[in-house]
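>>> the following block contains a protein sequence and its predicted model.
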Amino acid sequence: MVRLGGTATVAHMEVFQGLEKLFRQKGIDLDWVLYSGYDEMVGAFVRGEIDLAWNGPLSYVKIKRLVADGVRVIAMRDVDINFTTHFITRADSGIETVEDLKDRTFAFGRRSSVQSGLLAYSFLKDSGISPAKDLSANSFYDDRKSDTKNDERDVVERVSSGEFDAGAVSQLVMETMAEDGTLPRDSVRIFWSSPGYSHCCFTSQTSLDPTLAAEIESAFLSVTADDPVGKAVLEGEACDRFVPGTDIGWELIEKAAEAEGLI
C-alpha cells in the first residue's frame, strides 16, 4: 500500500481520487489522506505515516531538511519546472531597474505565496532594496481589501491602475491572464525577472523501494488527457502533464526561507 498525503482542499480530494484509480490500473495500490495544513502533512511524512507528499515549495524545503536519510522528488507538474517571478510596472512609470524602486510603492502577493511573497521580498533585498526602508510604501495581499480572489491578479490590477508603482507576479499568472484576455498588455510591462526555480512536487523518502519509486514515477508520467480520469486530474492540477522530478532550482527558496526564519 502506497499512502499519498496532501492538504485538505476540494481540488486535492478530487485529484487524489483520480490518481487512486489511475495508479490501481498500473498495479499500484494507492491510498491517500488529507491534512489541515502543510505543516501537519510534513510531520506525517517525517514520521513515516505517508509514503508520498504533494508538497508546495516551502513544505518541500522543510521536509528536505527534516528527513535524515534524504528525500526524492518523484514527479512534478510541467508548470512547476523553471518557475519565474517577475517585477512589473506601468508602461509609463519610468522604472527600468530594481534600483529605480527607491521611494516608490510596491505590491506583493500573499505572505504565504513563495513566488509573489517570500521570494519577491528576498529578491528585492538581494538587489539592494530594503522593502521597509527604501520603498515609500509596500503591502501584501493579506493587508489589502480586495474583491479579486487571486492575489497575483490583484497585483496586476493595482499596478495597471497606478495604485502601486510596481509589484510581483509569476510568469504562470501572466500567461494565464494573457490567455483569458485579462492581462492589460498596453499598460503593464516587466522590468525584472528572477532566475528559474522549482515549485510544487510529489516527494518520497529515499528509503522507498527503488523499483516501486520507478513504478510510481512511470504512473505519474503516464497520466494523459486522452483518458477521462487523467484529463480530470490534469485539469484539477492546472497542468498539461506530469514530468520527472528535479533537484534543481530549490536553493533559491531554501535560502529565502532560511533568511526569513521559516526553516
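Great, that's in hand.

>>> C-alpha from now on. contacts and neighbour counts both.
OK.

>>> quick one, strands of the chain?
For the chain, the strands defined by DSSP state E occupy 2-7, 30-35, 52-55, 71-77, 85-90, 105-107, 137-139, 166-170, 188-193, 201-205, 242-244.

>>> sheet-wise, list the partners of the fifth one with their directions.
Think strand 85-90. Here strand 85-90 has these sheet partners by DSSP bridges: strand 166-170 (antiparallel), strand 188-193 (antiparallel).

>>> could you do the longest one as well?
As defined by DSSP bridges, the strand partners of strand 71-77 come to strand 201-205 (antiparallel), strand 242-244 (antiparallel).

>>> let me have these in TSV, adding distance to residue 29 and mean pLDDT as columns.
Output for the strands paired with strand 71-77, formatted as TSV (distance: least, C-alpha to C-alpha, whole Å; pLDDT from 0 to 100):
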stretch	distance to residue 29	mean pLDDT
strand 201-205	16	96
strand 242-244	19	98
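
>>> quick one: the ones you listed as a markdown table, columns for mean neighbour count and distance to residue 8 too.
Below are the strands paired with strand 71-77 laid out as a markdown table (neighbours: other C-alpha atoms under 10 Å; distance: least, C-alpha to C-alpha, whole Å):
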| stretch | mean neighbour count | distance to residue 8 |
| --- | --- | --- |
| strand 201-205 | 24 | 16 |
| strand 242-244 | 20 | 21 |
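
>>> returning to that earlier point: redo the strands paired with strand 85-90 as CSV? Include mean pLDDT.
As requested, the strands paired with strand 85-90 are exported to CSV (pLDDT from 0 to 100):
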stretch, mean pLDDT
strand 166-170, 98
strand 188-193, 97
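
>>> figure out which of these is closest to residue 228.
Nearest of the strands paired with strand 85-90 to residue 228, taken as C-alpha to C-alpha: strand 166-170 at 29.7 Å.

>>> I would like the residues contacting the closest one, please.
Applying C-alpha atoms under 8 Å, 6 or more residues apart in numbering, the contact partners of strand 166-170 are 83-90, 101, 104-109, 115-117, 120, 152, 155-156, 159.

>>> again, but for stretch 213-226
22-23, 26, 28, 74-75, 230-232, 234, 240-244.

>>> buried residues, it. List them.
Of all the residues in stretch 213-226, those buried under the rule 16 or more other C-alpha atoms under 10 Å are 213, 215-224.

>>> re earlier: so which of the strands of the chain is the most packed in?
strand 166-170 (a mean of 27; mean count of other C-alpha atoms under 10 Å).

>>> how distant is that one from the center of its chain?
15 Å (C-alpha atoms, centre = their mean, to the nearest Å).

>>> can you pull the phi/psi pair for the most centrally placed residue in the chain?
The chain has residue 199 as the residue nearest its centroid, 4.3 Å off, counting by C-alpha atoms, centre = their mean. Residue 199 adopts backbone torsions of phi -130, psi -110, taken as degrees, to the nearest 10.

>>> surely it meets residue 61?
No: taking C-alpha atoms under 8 Å as the definition, residue 199 is not a contact partner of residue 61, at 10.4 Å.
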